[in-house]
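[1] just the structure for this:
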Amino acid sequence: MRSSPKQPHRFKRLTVIGGLAAALSFGTVSAAAGGVQVQGPPGPDLTAAAPAATSTPLPDYDSEIVDQFDSANSVNHIRHLAVDIGPRLNGTPQEREGAEYIGGVLKSYGFEVTLQSWGPVSTKRVAKVTSSDADLPGGPNWQMAASASGKFTGDTGVKGLVVDAKTGQSDAEFPADAEGNIVLMDYSTTAAVRNTAVANAVSHGAIAVILAYPTGNSAPPSFTLTTPQPEIPVIGGGSAHSTWIRDLLAKGPLTLAIATNEYVTPMGTNVIGIRHAVGDPTGTTAPIVMVGAHIDSVLGAPGAHDDASGNGVSLEVARTLSRYPLDKELRIGGFGGEEGGLLGAKAYVNTLTAEEKARFVGEWQMDMVGTPYEPARLWALTPDGQSNYVVQEAYNAGARAGFDGLRNCRLGQSDHQAFFDVGIPSSLFIWLDYRPPASPAVCGPTGGTYVTEPQYHRPTDTMDNISPERLQTTLDVVGGAVAHNALNAVTVSAVSDTGQPLAGAPVRADCGKGPRNLGTTGADGQLEAVFPHVKCDFTVTVEGAVATERRVSISGDQAVKVTVDLTKPTISLTRPTDGAVYTLGKDATASYRCKDNLSGVVTCVGTVRDGKSLGTSTVGFHDFTVNAADRAGNTASEKVTYQVVYRWHAYFPETMDGKAGSSVPIKFSLDGYHGTRVFAPGYPASQPVTCDTGKPTGPAEPTGNPGHSGVSYKDGQYNYVWKTDKSWSHTCRQLQLKLNDGSGHFTTIRLK
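    Numbers count the residues shown, from 1 in each chain. This next block holds a predicted model:
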């Protein structure tokens, strides 16, 4: 992040995993504004998403991608930029080396890489300090300011033991072995004091001089001397350098190598990685989703947090998304010269055509995205203090990841400003101790104040200033927003076969790797989800009914409609009818059919399966059921009751005369012998009735020998003897013969 003229500095933190061990060279780049294309190997397979097939339902693509983000990979990239390369001052070879490294990583992910050269920028005078016999804290490549009053050695430099001459103001402070070695002295803000110290060091035979702040927390100073010293390099170190060198000297001899260079009006460098959309290989029509970070650091600072951290996150986003075929164009930007006034980002934006700008979905700028500095929190800051599409998408991603710590307010000072100025939605994402105005209503016009971590723009902005946990949060929130927007937005609508929206319906999609749980539809019957360039089967389940829309090609933002058959199949049961009566042992068949107009019938089965024959082998009442199921899972059932009876023949009239107290023989046949228990329980029974109408005049009561008692069988006939009562004289009585097949038979006797 670029310093504000009136305000402080910035953050950091870390983790580790394998990665590229060295930067890759891309050849010569033109010194004029423009770029050179770097051709990489073939990109990843665009036919399938990353994870392997599994029997366990997969998560939706948002969750799947975020689950793959690993801050350990980001830390590895940060380490290479901040440690292996070291400080990357704009216009120096180290800025270029950082761009080449980022480009090499992107190239390995299948991106088309461009190194853009722009400028010129102001002259840079720097010293590179290394050691052959000590592990330099924050090293191995220290950077200090090379004074124009001293010698520019070129890359060969000088090498020697370091001696401490303290303030360097008297001969007594110089060790006896100062001659032929490198002299460390305190930097003074007073020019005369500095001049005296260096002149004394030269007089004692120093081969190089380091003036470093003895106290405080200062960056390396740039300075001139009243008396030039063209024979030796004279360099300025920060307060951390002073502490580190003196701590090392306390442990024993220390050898340093110092190389000073003057880069006169050098060119700055950007690196741009482009992964074209599947259907737009030339990059002319697809929407553009961009992630940015800046390559350069300030003089003397390794820039682990500011802003190797941003590049570490953007490269991890690139790695993960490179595994998916996309219909959006993904751009990863590494901009030089941010610390000098957003120079690289402005140069890049100036190369965009009006058509390109119109295709931008947004630019997510990451600058200082992982310090362990406790007061820092994750902020989305825009030049006007207002939320925009990029900010809101980060809030949405945070909600999906379960992170509610994101806040937004007003700040420029980073490369998002260049995109904002040309109308591209953009925001700075940063871990910062930002203090918003007391009233959120004034956040836009006035913004807030902020305090950076102590390591901001200092030599101590090392790997100790990187938090893997906060990098992971940044990946989940900002990376999650970028991934969501790089995918296709799909609206799945679930409707019934009658056209009604289906709320609360679980939705799955199988895009070739197994089913994915997408969630449930809302009150409007719709669900929003994102997909790469794939073909999917969409499945909706409602009340046991399952509907699938097959082989839907997802190649852009679109809608998918799944119609769920909720109509039960119809059953036409014509035989048996409810209450139908069949004779015992006689052939009888059922007649029925099932129908479903939408998805088709899967089963249509009656109670008896063998040729639809009805069961008539036993007398009594029987249920017959037809069950139907359609392909959607809807079921229907219809049941009727039929009766199986004996073949009855009576050998007695409907009415007869008898004498009260006598026995009345009752003879009947049932088409064969069926045992003696042919009467229903409680029968035979008799009931008094009127003689003229047959209307009952009293309750029915069992005869003296109900059930099988008194029943005999001979010569194909059943015989039952009914014993009448003398008290029934001059009355009429109905004899009720109810059989165990459910049938009833009657005769009325006039008793004398």
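[2] quickly list the domain ranges of the chain.
    34-113+270-483, 124-263, 487-564, 570-645, 649-751 (automatic domain parsing).
[3] biggest helix in this structure by residues?
    Secondary structure of the chain per DSSP state H: the longest helix is helix 93-108.
[4] centre of the chain to that helix, how far?
    29 Å (Cα atoms, centre = their mean, to the nearest Å).
[5] that one packs against which elements?
    On a contact count with 3 or more Cβ pairs under 8 Å, 6 or more residues apart in numbering; DSSP states H and E, helix 93-108 meets strand 112-118, strand 268-275, helix 309-321, strand 329-335. Glycine gets a C-beta too; all of them are placed from N, C-alpha and C.
[6] just name the most buried of those.
    Scoring the helices and strands packed on helix 93-108 by mean neighbour count under mean count of other Cβ atoms under 10 Å gives helix 309-321 as the most buried, with a mean of 29.
[7] quick one: that one to strand 329-335, angle?
    160 degrees (axes from the mean of the first three to the mean of the last three Cα atoms, to 10 degrees).
[8] let me know the angle separating helix 309-321 from helix 93-108.
    10 degrees.
[9] quick check: mean pLDDT of helix 309-321?
    Averaging pLDDT along helix 309-321 gives 98.
[10] next SSE downstream of the helix or strand bottoming out on mean pLDDT in the chain?
    Least confident element among the helices and strands of the chain, by mean pLDDT, DSSP states H and E: strand 34-38 (a mean of 41). Tracing the chain C-terminally past strand 34-38 and defining elements by DSSP states H and E, one meets helix 61-68 next.
[11] now do that next one: distance to the chain's middle.
    The answer for helix 61-68 is 4 Å, by Cα atoms, centre = their mean.
[12] who does that helix touch, helix- and strand-wise?
    Packed next to helix 61-68, using 3+ Cβ pairs under 8 Å, 6+ apart, are helix 309-321, helix 389-401, helix 480-486, strand 526-531.
[13] residues of it that come out buried?
    For helix 61-68, burial by neighbour count (16 or more other Cβ atoms under 10 Å) applies to 61-62, 64-66, 68.
[14] identify all contacting residues around that helix.
    Helix 61-68 is contacted by residues 49-51, 58-59, 320-321, 323-324, 397, 400-401, 475-476, 479-480, 483-484, 487, 516, 529-532 when judged by Cβ atoms under 8 Å, 6 or more residues apart in numbering.
[15] how about stretch 154-163?
    Contacts for stretch 154-163 (Cβ under 8 Å, 6+ apart): 128, 132, 174-175, 177-178, 180-184, 207-208, 210, 232-233, 245, 249, 253-261.
[16] can you select the buried ones from these in ChimeraX?
    To isolate the buried members of the contacts of stretch 154-163 in ChimeraX, using 16+ other Cβ under 10 Å:
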select :128,174,178,181,182,183,184,207,208,210,232,233,245,249,254,256,257,258,259,260,261
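[17] this structure: helices as residue ranges?
    61-68, 71-79, 93-108, 191-203, 239-251, 309-321, 343-351, 354-359, 389-401, 416-420, 443-446, 468-474, 480-486.
[18] one step back: residue 201 is nearest to which of the helices and strands packed on helix 93-108?
    strand 268-275 (34.8 Å; Cβ to Cβ).
[19] against which helices or strands is that closest one packed?
    So strand 268-275, by 3+ Cβ pairs under 8 Å, 6+ apart, packs with helix 93-108, strand 112-118, helix 309-321, strand 329-335, helix 343-351.
[20] and if we set it to 7 Å?
    helix 93-108, strand 112-118, strand 329-335, helix 343-351 (3 or more Cβ pairs under 7 Å, 6 or more residues apart in numbering; DSSP states H and E).
[21] any idea of the mean pLDDT in it?
    98.
[22] which neighbours does that strand have in its sheet, and in what orientation?
    Sheet pairing for strand 268-275, assigned by DSSP bridges, gives strand 112-118 (antiparallel), strand 329-335 (antiparallel).
[23] from the chain's centroid, how far away is the last one?
    Mean-position distance between strand 329-335 and its chain equals 21 Å (Cα atoms, centre = their mean).
[24] need the helices and strands packed on helix 61-68 in CSV (columns: distance to residue 701).
    Output for the helices and strands packed on helix 61-68, formatted as CSV (distance: least, Cβ to Cβ, whole Å):
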stretch, distance to residue 701
helix 309-321, 90
helix 389-401, 80
helix 480-486, 85
strand 526-531, 71
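[25] and of those, who's closest to residue 286?
    That would be helix 480-486 among those, by Cβ to Cβ, at 10.4 Å.
[26] list of residues touching that closest one?
    62, 65-66, 289, 291, 317, 321, 326, 328, 330, 361-362, 364, 393-394, 396-397, 400-401, 530 (Cβ atoms under 7 Å, 6 or more residues apart in numbering).
[27] if we go to 8 Å?
    By Cβ under 8 Å, 6+ apart, the residues outside helix 480-486 that reach it are 61-62, 65-66, 69, 289, 291, 317, 320-321, 326, 328, 330, 361-362, 364, 390, 393-394, 396-398, 400-401, 530.
[28] can you point out the buried residues in that helix?
    Across helix 480-486, burial judged by 16+ other Cβ under 10 Å covers 480-486.
[29] end to end, how far does stretch 200-210 reach?
    13 Å (Cα to Cα, to the nearest Å).
[30] show me the shaky parts of this structure.
    4-54, 608-611, 704-709 (pLDDT under 70).
[31] now with 80?
    Judged by pLDDT under 80, the chain has its weakly predicted residues at 2-55, 439-441, 597-599, 608-612, 704-710.
[32] can you pull the contacts of residue 390?
    Here residue 390 is in contact with 362-364, 380, 425-427, 481 (Cβ under 8 Å, 6+ apart).
[33] mind checking how far it is from residue 679?
    According to Cβ to Cβ, to the nearest Å, residue 390 and residue 679 sit 90 Å apart.
[34] count the neighbours of residue 437 for me.
    By the measure other Cβ atoms under 10 Å, the count of residues near residue 437 is 17.
[35] to clarify, my last question referred to residue 81.
    Residue 81 has 28 nearby residues by other Cβ under 10 Å.
[36] same question, residue 533
    When neighbours are defined as other Cβ under 10 Å, residue 533 has 22 of them.
[37] same deal with residue 110?
    Residue 110 has 18 nearby residues by other Cβ under 10 Å.
[38] do I have it right that it meets residue 275?
    Yes: using Cβ atoms under 8 Å, residue 110 makes contact with residue 275 at a distance of 6.5 Å.
[39] how about the helices of the chain, which one is nearest residue 744?
    That would be helix 61-68 among the helices of the chain, by Cβ to Cβ, at 71.1 Å.
[40] ok and that closest one relative to helix 389-401, angle-wise?
    Going by the same axes, to 10 degrees, helix 61-68 makes 80 degrees with helix 389-401.
[41] which residues in the stretch 451-600 of the chain form strands?
    488-496, 506-510, 515-520, 526-531, 534-542, 545-554, 558-564, 570-575, 581-583, 591-595 (DSSP state E, counting those that start in this stretch).
[42] got CSV for the ones you listed, with mean neighbour count too?
    Formatted as CSV, those follow (neighbours: other Cβ atoms under 10 Å):
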stretch, mean neighbour count
strand 488-496, 20
strand 506-510, 21
strand 515-520, 18
strand 526-531, 20
strand 534-542, 21
strand 545-554, 17
strand 558-564, 18
strand 570-575, 14
strand 581-583, 16
strand 591-595, 15
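[43] pipe the ones you listed into JSON lines and attach distance to residue 651 per row.
    Listed next are the strands of the stretch 451-600 of the chain as JSON lines, based on distance: least, Cβ to Cβ, whole Å:
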{"stretch": "strand 488-496", "distance to residue 651": "64"}
{"stretch": "strand 506-510", "distance to residue 651": "70"}
{"stretch": "strand 515-520", "distance to residue 651": "73"}
{"stretch": "strand 526-531", "distance to residue 651": "77"}
{"stretch": "strand 534-542", "distance to residue 651": "64"}
{"stretch": "strand 545-554", "distance to residue 651": "60"}
{"stretch": "strand 558-564", "distance to residue 651": "65"}
{"stretch": "strand 570-575", "distance to residue 651": "33"}
{"stretch": "strand 581-583", "distance to residue 651": "19"}
{"stretch": "strand 591-595", "distance to residue 651": "37"}
